[in-house]
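> Dropping a prediction and its sequence here:
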Amino acid sequence: MTLVSDTTGFAWRCGISEVPVDSRLRQNGFKANDSVSIPFTTSPLNTQKSQPPDGGAKSGKQLSQQVLVVGSTGYIGKAVVRALVNRGHGVVAFARPRSGVGGTDDEEATRQALAGADVRFGQVTRLDSLLADGGRGESFHAVICCLASRTGGVADSWRIDHQATANAIAAARHLGARQFVLLSAICVQKPLLAFQKAKGKVEEELKASGLIWSIVRPTAFFKSLAAQVESVRRGCPYVMVGDGRQAACTPISEEDLAEYMADCLERPELQNRILPIGGPGPALTARQQGELLFSLLQRPPRFLRLPMALFDVVIQVFTALNRLAPGLEDTLEYARIGRYYATESMLVWDPQTNAYCADATPSTGTDTLKDFYKRILGEGLHGQNLGDQLLWNRWRKPQP
Ligand SMILES: NC(=O)c1ccc[n+]([C@@H]2O[C@H](COP(=O)([O-])OP(=O)(O)OC[C@H]3O[C@@H](n4cnc5c(N)ncnc54)[C@H](OP(=O)(O)O)[C@@H]3O)[C@@H](O)[C@H]2O)c1
């Protein structure tokens with residue numbers, strides 16, 4: 001059942017009835033055009049294990065909870081583990097024996113990166129491993145899933161963003177968890193790419209799972225806007241598509257997003273809802289991001305404009321080649337991904353105006369892109385493993 005607020009923000013339209021807006025929703029960043037979904041819930045799977053005590057999910061009080069984190073070694077997953085550990089939760093972080101971009105981290109490096117958590121190793125692509133190696137017969141209050149395909153390729157997206165995430169939902173039920181927090185993406189609201197469709201499907205499965213759910217749909221991460229910092233600093237122009245004004249976003253830092261995801265365990269108003277979320281505004285276009293970089297470097301802006309038609313040509317060529325010699329599906333998908341992010345804003349889509357709306361995009365946190373750019377211009381990209389934000393990294397074969 002989807003509830004959509006009216007433009008005044010005073011009522012939620014719900015099929016045939018109007019429901020007064022809960023003032024807590026507005027206090028927590030919800031605005032007039034936010035779309036909020038509330039599922040019919042069924043009971044969690046019966047499990048022979050004892051249910052963990054109420055860790056505050058019902059009361060909204062912050063008590064220590066036992067939380068299983070999958071996708072714990074990613075950009076957001078690591079920050080989520082840190083946030084949970086800092087809040088005093090018991091954290092089991094599930095990881096594969098070689099993790100990180102390109103599988104560079106061995107078990108010891110992963111343990112160090114996830115200090116404070118009980119790090120367990122196995123394969124999230126296999127439910128039996130998730131239960132035996134991750135759950136080990138213990139009970140959990142909640143599962144937080146930060147899994148994502150590292151490449152965005154078609155098959156890998158369905159394997160990780162859908163199937164492995166579905167495994168995590170099944171594991172949550174088997175392990176007696178009441179709650180599930182899913183890292184999704186704001187672009188799932190307009191699903192054209194494989195990973196968006198895979199995520200959309202698993203979102204529906206989560207809503208029907210009987211668990212208390214939070215589907216967190218962030219805008220753009222800081223790392224996604226960092227790829228050109230080094231080249232611009234070295235004197236290269238800022239590369240953008242068209243005039244760089246077509247798409248905008250309210251970027252969010254990994255720490256602010258992780259705090260928000262940890263809040264989902266404790267704040268009932270963030271539960272059983274789809275939660276689009278950005279960082280502190282304003283919304284910035286690619287051109288404005290470039291201007292910001294040049295102003296911090298105290299240089300006049302210099303842009304290299306790529307024609308939008310370039311993507312269309314590449315997509316057409318690879319579509320034709322793929323028909324002749326199948327196997328180029330992922331290359332084609334990466335071209336589509338490039339086109340999508342050059343043309344679609346990472347903001348809430350307002351169906352009434354048929355446009356993206358910065359004012360309707362809730363925000364959280366305090367970290368600004370300006371401060372982030374300042375920091376990495378001074379200190380470098382330490383801790384910001386761009387991984388597959390770099391297009392050429394997408395051609396790496398995913399690890400098994
Ligand atoms: N980038 C953006 O600006 C942006 C904006 C909004 C939303 N999002 C969404 O955020 C998510 C990406 O988050 P992120 O940047 O934190 O991702 P990430 O750094 O790429 O991390 C992905 C996580 O998934 C795990 N994983 C991937 N493939 C696996 C496999 N085959 N087996 C086991 N584990 C696997 C990785 O483990 P390993 O370390 O072992 O590889 C890692 O823990 C995506 O869903 C994306 O749609 C991104």
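All right, it came through fine.
> hey, let's count contacts and neighbours off CA atoms from now on
Fine.
> Residue most distant from the centroid, this protein?
Distance from the C-alpha centroid of the chain, by CA atoms, centre = their mean, peaks at residue 324 (35.2 Å).
> and that one, how far is that from the ligand?
29 Å (CA to the nearest ligand atom, to the nearest Å).
> For the stretch 151-300 of the chain, which segments count as strands?
For the stretch 151-300 of the chain, the strands defined by DSSP state E, counting those that start in this stretch cover 179-183, 212-218, 238-241, 248-249, 273-277, 284-285.
> okay, those in CSV with distance to residue 89 next?
Listed next are the strands of the stretch 151-300 of the chain as CSV, based on distance: least, CA to CA, whole Å:
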stretch, distance to residue 89
strand 179-183, 14
strand 212-218, 18
strand 238-241, 43
strand 248-249, 32
strand 273-277, 23
strand 284-285, 35
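> Let's have those in CSV, adding mean neighbour count, mean pLDDT and distance to the ligand.
Below are those laid out as CSV (neighbours: other CA atoms under 10 Å; pLDDT from 0 to 100; distance: least, CA to the nearest ligand atom, whole Å):
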stretch, mean neighbour count, mean pLDDT, distance to the ligand
strand 179-183, 27, 98, 6
strand 212-218, 25, 98, 4
strand 238-241, 20, 96, 16
strand 248-249, 26, 98, 10
strand 273-277, 25, 98, 9
strand 284-285, 19, 98, 14
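> and residue 77, which of these is closest to it?
strand 179-183 (9.1 Å; CA to CA).
> Around the ligand, which positions in the stretch 51-200 of the chain sit nearby?
Within the stretch 51-200 of the chain, the residues that sit near the ligand (CA under 6 Å from any ligand atom) are 71-77, 95-96, 99-101, 123-124, 146-150, 160, 184-185.
> 8 Å instead?
Residues of the stretch 51-200 of the chain lying near the ligand by CA under 8 Å from any ligand atom: 70-78, 95-103, 123-125, 146-151, 156, 159-161, 164, 183-187, 195-196, 199.
> out of the residues you listed, which are buried?
Burial by neighbour count, 16 or more other CA atoms under 10 Å: within these this picks out 70-78, 95-96, 98-101, 123-125, 146-151, 156, 159-161, 164, 183-187, 195-196, 199.
> what about the residue nearest to residue 361 when sequence neighbours are not counted, how many residues close to it?
Excluding the flanking residues, the one nearest residue 361 by CA to CA, 6 or more residues apart in numbering is residue 348, at 5.2 Å. As a burial measure, residue 348 scores 27 neighbours (other CA atoms under 10 Å).
> For residue 348, give the beta-bridge partners.
residue 357 (DSSP bridges).
> on that earlier part again, now, which of the buried ones among the residues of the stretch 51-200 of the chain next to the ligand lie within helices?
For those, membership in helices holds for 75-78, 156, 195-196, 199, with DSSP state H as the criterion.
> closest to residue 179 among those residues?
Set against residue 179, the nearest of these by CA to CA is residue 77 (17.0 Å).
> The closest one contacts residue 71, doesn't it?
Yes: under the criterion of CA atoms under 8 Å, residue 77 makes contact with residue 71 at 5.6 Å.
> Pull up the overlap in contacts between these two.
145-147 (CA atoms under 8 Å, 6 or more residues apart in numbering).
> Verify the stated contact: residue 138 with residue 177.
No: checked against CA under 8 Å, the pair residue 138 and residue 177 is beyond contact range at 10.3 Å.
> And these two? Which one has more around it.
Neighbours were counted for residue 138 and for residue 177 using other CA under 10 Å; residue 177 has more, 24 against 16.
> tell me the contacts of the residue nearest to residue 300 when sequence neighbours are not counted?
Spatial nearest neighbour of residue 300, excluding adjacent residues (CA to CA, 6+ apart): residue 294 at 6.2 Å. By CA under 8 Å, 6+ apart, residue 294 lies in contact with 232, 300-301.
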